[in-house]
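S.K.: Sharing a model prediction with you, sequence too.
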Amino acid sequence: MNTDKRLITVEEAISLLNEDERVHTFRDTSGMLLGADIDRVSLIEILKSNSDKIEIGGEQCRRMKHGIVVNYKGNLFIETNTDKLNDFDPIND
């Protein structure tokens, strides 16, 4: 298991999103997951304003189909297209 962070660019993150107009996200708030849909345009602005804080999530994030993490007011886990993510960053067991 690789425990190193893998930072990615805004463009790479956008390419890994589903094509939907709204994107599901969640945060871990004191042990409780809080989920919300965010308008795709607003999410892209969040990514652009935090471009140095975007990374590929770990195994658990990927299993939950939220494989991008951006540090925006805490960790924001972003829904990704699983096939695109696995092509971009294959899981090495």
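M.R.: Received it, and whenever you're ready, just let me know what you need. Residues are numbered from 1 along each chain as shown.
S.K.: Which residue, other than its chain neighbours, is closest to the residue positioned nearest the centre of the chain?
M.R.: Nearest to the mean C-alpha position of the chain, counting by CA atoms, centre = their mean, stands I68 at 1.7 Å. Spatially, and ignoring its direct neighbours in sequence, I68 is nearest to I78 (4.2 Å; CB to CB, 6 or more residues apart in numbering). For the C-beta atoms, the positions are set from N, CA and C on the backbone; glycine is no exception.
S.K.: V70: neighbouring residues, count only.
M.R.: Counted with other CB atoms under 10 Å, the neighbours of V70 add up to 23.
S.K.: thought it was touching I78?
M.R.: Yes. Counting by CB atoms under 8 Å, V70 does reach I78; the two are 6.7 Å apart.
S.K.: Overlap in contacts, those two.
M.R.: Common neighbours of V70 and I78 (criterion: CB atoms under 8 Å, 6 or more residues apart in numbering): A13.
S.K.: For this structure, just list every one of the helices.
M.R.: 10-15, 40-49, 59-63, 82-88 (DSSP state H).
S.K.: quick one, what contacts V10?
M.R.: Counting by CB under 8 Å, 6+ apart, V10 makes contact with 44, 47-48, 51, 54.
S.K.: And it, how far from K65?
M.R.: Separation of V10 from K65 (CB to CB, to the nearest Å) stands at 20 Å.
S.K.: hang on, the earlier thing: among the contacts of V10, name the buried ones.
M.R.: Using 16 or more other CB atoms under 10 Å as the burial test, the contacts of V10 include 44, 47, 54 as buried.
S.K.: now the protein, which segments are flagged as low pLDDT?
M.R.: Residues of the chain meeting the criterion pLDDT under 70: 1-3, 92-93.
S.K.: Could you give the separation of stretch 23-39 from the chain centroid?
M.R.: 11 Å (CA atoms, centre = their mean, to the nearest Å).
S.K.: what does it rub up against?
M.R.: 17, 21-22, 40, 43, 46, 66, 74-79.
S.K.: Of these, which belong to strands?
M.R.: Members of the contacts of stretch 23-39 lying in strands (criterion: DSSP state E): 22, 75-78.
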